[in-house]
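Colleague: generate coordinates for the sequence data below:
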Amino acid sequence: MATVDELGNPLVLPVCFVYCGGFIYSPIDNKPKGVSPDKLKRVRNIIKNPNISLVLDKYFENWSKLYYVIITGRAIVIYSGDEYQKSLKILTEKYDQYRKMGLERLGAPVIKITPEKIISWGDI
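Modeller: Reported below is the predicted structural model:
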């Protein structure tokens, strides 16, 4: 996922995500971080500038099988409510690691992405 700060400086990082109901959800989990979730650069960037980009790709040694999807859109950070709880539930169902770490009990924020444009290449 790529975000930009108020000066236009990009930040690109890998994320775990789930797609549901036309939205993409990505949690702030409890892997070691140097700051609290609200102070993470990606969270601060989204609050100041909600424009994001997300790249999904698959590599093959046979390059004729390569593909990617680029999603651009807008993001918000959600902290509570029914949608928040549902996003934690479906993330936990998708990723066994989140079930084991107790993602649904952490109280950490979730990034909600509303896709606005999708570009793809290759045979998906």
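
Colleague: and the helices in this protein?
Modeller: Taking DSSP state H, the helices of the chain run over residues 41-48, 82-94, 96-101, 103-106.

Colleague: rank the ones you listed by pLDDT, which is bottom?
Modeller: Comparing mean pLDDT across the helices of the chain, the weakest is helix 103-106, with a mean of 86.

Colleague: show me what that helix is packed up against.
Modeller: Counting contacts by 3 or more CB pairs under 8 Å, 6 or more residues apart in numbering; DSSP states H and E, helix 103-106 packs against helix 82-94. (C-beta placed from N, C-alpha, C; glycine too.)

Colleague: so, low pLDDT: which residues of the chain?
Modeller: By pLDDT under 70, the weakly predicted segments of the chain are 31-35.

Colleague: ranges for the strands of it?
Modeller: Counting by DSSP state E, the chain has strands at residues 2-4, 10-12, 18-20, 23-27, 51-58, 67-78, 110-121.

Colleague: which of those strands sits closest to residue 36?
Modeller: Closest of the strands of the chain to residue 36 is strand 67-78, at 12.8 Å (criterion: CB to CB).

Colleague: what's the closest non-adjacent residue to residue 17?
Modeller: Leaving aside its sequence neighbours, residue 17 sits nearest to residue 26 (CB to CB, 6 or more residues apart in numbering; 4.4 Å).
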